[in-house]
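>>> Predicted model and sequence below, questions to follow.
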Amino acid sequence: MAAADTPVLLINAPLVASRLGYPDLSGLDLLEAFAFIHPARFCVPTPRGLAEALGLPVPTGDDDVPEMLQRAAGALIAACRDPEWFEREGAWSALQSLERLRWPWAQVLKPHVAKPEKAERWLFARLPEWEEAADRPAPRQVELTPPAVVEQLAKLTGEAAEQREGQRAYAQDAARIFAPRSAPGRPHLALAQAGTGIGKTLGYLAPASLWAAQSGGTVWVSTFTKNLQRQLRAESRRAWPAKRADGTPPVVVRKGRENYLCLLNLEDALQGGFAGRAAILAQLVARWGAYTRDGDMVGGDLPGWLGTLFRKRGIAALTDSRGECIYAGCPHYRKCFIERAARDSAQADLVIANHALVMVNAARARDPNQRPTRLIFDEGHHVFDAADSTFAATLSGQEAIELRRWIIGPEREARGRRRGLAARLAEIASYDEAGADAIAAACKAGQLLPSEGWLQRLTENAPFGPVEALLGAVRAATYARDESGGIEAGYAIETEAAGLPGEVIEAASAAAEALAAIRVPLIRLGGRLEAILADPPDWLDAQGRARIEGARFALTWRIDLIAAWEALLDRLGGPADPEFVDWLAVDRSDAREFDVAIHRRWLDPMKPFARVVLEPAHGVLLTSATLTDRTTEGDTSQAQWASAIARSGAAHIDSAPLLSAATSPFDYASRAEVLIVTDIKKGDLPALAGAYARLIEASGGGVLGIFTAIRRLRAVYGRIADRLARAGLPVYAQHVDPIDTGTLVDIFRDDPRASLLGTDALRDGVDVPGQSLRCVVLEQVPWPRPDILHKARRAAGGGSQYDDRIIRAKLAQAFGRLIRSKDDAGHFIVLSPAFPTRLLSAFPPGTPVLRVTLDEALQRLAAGVGGTQAAHPSVGAQGALLP
């Protein structure tokens, strides 16, 4: 009632509203004010984090927070009056727009933001334009000598750094991928396992920077997580300056288009495309756009919490998440963040990217000359999964409706700037009659693709068009054949694409014909565009030429997509292809359907990976702390590498890989304990929740809880969060708190008393050294989900041995979250009454493993590792924090 009557000062309104069970909570959110006054600055969205960002005393307890909120508001207002306010430009104009949108802070800040003497430039006038540059010459062929690599490593680590023999050996092994290639299709391939603490990042940056300097070439480093990308950017400063003498960046971070701010989408949002709270978000993003380093909205310098403050998917709507870019046809093309990153990367010494982008770039780069030839895949244990997704084919309702919108345009009532082929290529249609006919034929055929309301029509058994009819038949067959129990539980359901009823096969044939009717005119259109470029008319200027080249690239992508769908449909009803796994699925969440699909995956996705990525390259390094499979404790034989070789693509190229292993220098025997808790029965939810609560209390927070099912995570959180919060031990959770995963980890890292519950995303890529993470708790053994794809690979990969390899890898990766530096110590706990002994080799050799009851685990947790006193606050019997 108080919050409804009076605007209150608060931090992170959606989170507070979620905790209070009051979804309409609003007021003066200090995070919104921070995003306006200090755009592109980092801030952990907690009272402690805000205090640190503003240079205020950190509150020592909840009682200190109200005063801190008032001080923070005062500090933010004072920043507006400060003559040295760095982000002043554009603030006054933005505040006028925000006042019209009734932003709560507008009236508070307005008296303190002075009107500038000169009219402020609009964002789109302030951003610099990128410039074309000559193609970079092919790299020189150089040999890196071991002494030179060791010397470069010493420069990067610094004279005062500890000399680590393992790191020096690792750097010399990594350098071998930069040797000249002996034959086409035979790259230098190295698989290097580097235990935690080896210093593998600098270990491979040393030869990479040396080769780039001597050869004039570009090295691509690919990661799976955004956290490692941020770490790599920071570490690269040891080897390269922020800018070269000519102002160009030697290090560039590249991501997929869907990660960057689209200026055309932003302009549309600012001019009425967004309404209500979303329009306020657009103004705050525009403020950020003027100060951002590179326009990266996902994992870059845009606060991860900003989008969640506005509850809707506004951030996604401001990116090119649907492949609708019009390239040179955009009025902001010369200022585009995506185009700038692409051009900067072509001239860079080091490009930091992610696995998916590297694979997509290798498969269909707009400029084949920019495909990477020297590649380092950090977090290399994820390359198999990334390839699995990249080289998959999925014909679904959601994918088909996106294709329809790209061809025809949006539905009439839809907001936004999306345009169909006819609108995007109007000048071509007016000049070239054959091109106009091709566009008209594609648009006519595209009318038979699924449109708005397709899923409702399927449930009513009234599909429109052959593709909707196919999806309806797929849906009916999947429901009829499901034996998983997923229908009653509300989960997604699936069935193998074998022995299909005649209705599905007939519908697939009709749908394939409809897709061919779209693909053929698109191919004709592509030919007409090529002809126009080959013999350009007088009116075709450089910008028009770039626009046509962009359209050709987009056309090629869609033609390939449709061809993959046709190939998928042609095989339905025929003999199974042993290279692929096909299945039908109805995607559901909490019993609500949201898609129907036919899937195709490679049984071994490393085959296309080897062909597309490895063979064209000259040198490739796959590295990770968990590349190999420890089948038995201390085993270092070739069998240990068998899985790594199979999941690297090495078996599909004519080149034997270099195998390298560097053991972690950490003393796991005295710094860690693995506790297998044997008295929590599987399926006993009250006991599971009680165990988590008691473990968090005994540890005094600092617990990372990893779950294999979202439902159990939510149930446990709902039972323990309030009780622990009242004891001064806050608990945060994925899939519960309205905060993105990266921000949740930032909050967890910033507060040693906090605990974080999550699913598989937290098992890898979470780097929290120090006291903030003292205990990792797995709710059970991470058994693989027995879906159709897994069962097929299990049958081909050795049955239960295949399962064991996957589980050991997951356990090793989860254990790796615990000890991140030589001073770290803690417990790794698995709540499993029957943990298989054969899986214990997943943990580092020498690590103590004990099977204990929960009470015994609590005693060991309270005592600390090795019987030493725990170096963190403990919780007394009444829940009070004891010093």
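Looks like it came in fine.

>>> so how far is the helix or strand where residue 827 lies off the chain centroid?
Here residue 827 sits within strand 826-831, counting by DSSP states H and E. For strand 826-831, the separation from the chain centroid amounts to 27 Å (computed by Cα atoms, centre = their mean, to the nearest Å).

>>> How about stretch 808-827?
22 Å.

>>> returning to that earlier point: list the strands paired with the strand holding residue 827, with their directions.
strand 672-677 (parallel), strand 775-778 (parallel) (DSSP bridges).

>>> Alpha carbons of the helix or strand just after that strand, as CSV, please.
The first helix or strand that comes after strand 826-831 along the chain, using DSSP H and E, is strand 849-852. Extracted as CSV, the C-alpha positions of strand 849-852 are listed here (Å, rounded to 0.1, in the frame of the first residue of the first chain):
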residue,chain,number,x,y,z
VAL,A,849,36.2,-38.4,-1.9
LEU,A,850,34.0,-39.4,1.0
ARG,A,851,30.6,-41.0,1.1
VAL,A,852,28.8,-39.4,4.1
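
>>> For the strand holding residue 827, list every residue counted as buried.
Neighbour counts over strand 826-831 (16 or more other Cβ atoms under 10 Å) mark 826-831 as buried. Every C-beta, even on glycine, is put in place using the N, C-alpha and C of the backbone.

>>> what comes into contact with the helix or strand containing residue 641?
Assessed by DSSP H and E, residue 641 sits inside helix 638-646. The contact list for helix 638-646, computed with Cβ atoms under 8 Å, 6 or more residues apart in numbering, reads 191, 193, 606, 622, 627-631, 651, 657, 659, 805.

>>> If burial is judged by neighbour count, which of the residues you listed pass?
191, 193, 606, 622, 627-631, 657, 659, 805.

>>> Pull the most distant pair out of those.
Spatial extent of the buried ones among the contacts of helix 638-646 (Cβ to Cβ) is set by the pair 606 and 630 at 21.5 Å.

>>> could you dump the strands paired with strand 826-831 to JSON lines with mean neighbour count, mean pLDDT and distance to residue 399?
Compiled in JSON lines, these are given as follows (neighbours: other Cβ atoms under 10 Å; pLDDT from 0 to 100; distance: least, Cβ to Cβ, whole Å):
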{"stretch": "strand 672-677", "mean neighbour count": "24", "mean pLDDT": "96", "distance to residue 399": "44"}
{"stretch": "strand 775-778", "mean neighbour count": "25", "mean pLDDT": "96", "distance to residue 399": "35"}
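
>>> and of these, who's closest to residue 317?
Across those, closest to residue 317 is strand 775-778 (Cβ to Cβ), at 36.6 Å.

>>> Which other helices and strands does the helix or strand that comes right after the closest one contact?
On the C-terminal side of strand 775-778, the closest following helix or strand by DSSP H and E is helix 788-796. For helix 788-796, the elements it packs on are strand 493-496, strand 580-589, helix 800-815, judged by 3 or more Cβ pairs under 8 Å, 6 or more residues apart in numbering; DSSP states H and E.

>>> Out of the ones you listed, which gets nearest to residue 522?
strand 580-589 (24.9 Å).

>>> List the neighbouring strands of the helix or strand just after the closest one plus their orientation.
Next in sequence after strand 580-589, counting helices and strands by DSSP H and E, comes strand 592-602. When pairing is defined by DSSP bridges, strand 592-602 lines up against strand 393-396 (antiparallel), strand 580-589 (antiparallel).

>>> Can you show me the helices along the stretch 251-400 of the chain?
263-268, 277-289, 314-317, 337-347, 355-364, 383-390, 397-408 (DSSP state H, counting those that start in this stretch).

>>> in the second one, what's buried?
Pointing back at helix 277-289 there. 277-289.

>>> Excluding its own residues, what touches that helix? List them.
Helix 277-289 has contacts (Cβ under 8 Å, 6+ apart) with 32, 35-36, 39-40, 87, 90-91, 94, 97-98, 101, 103, 123, 127, 261, 263, 266, 269-270, 273-274, 295, 297, 301-302, 306-307, 309-312, 314-315, 317-318.

>>> In which helix or strand does the residue located most distally from the centre of the chain reside?
Largest separation from the mean C-alpha position in the chain: residue 538, at 45.2 Å (Cα atoms, centre = their mean). Taking DSSP H and E as the definition, one finds residue 538 inside no helix or strand.
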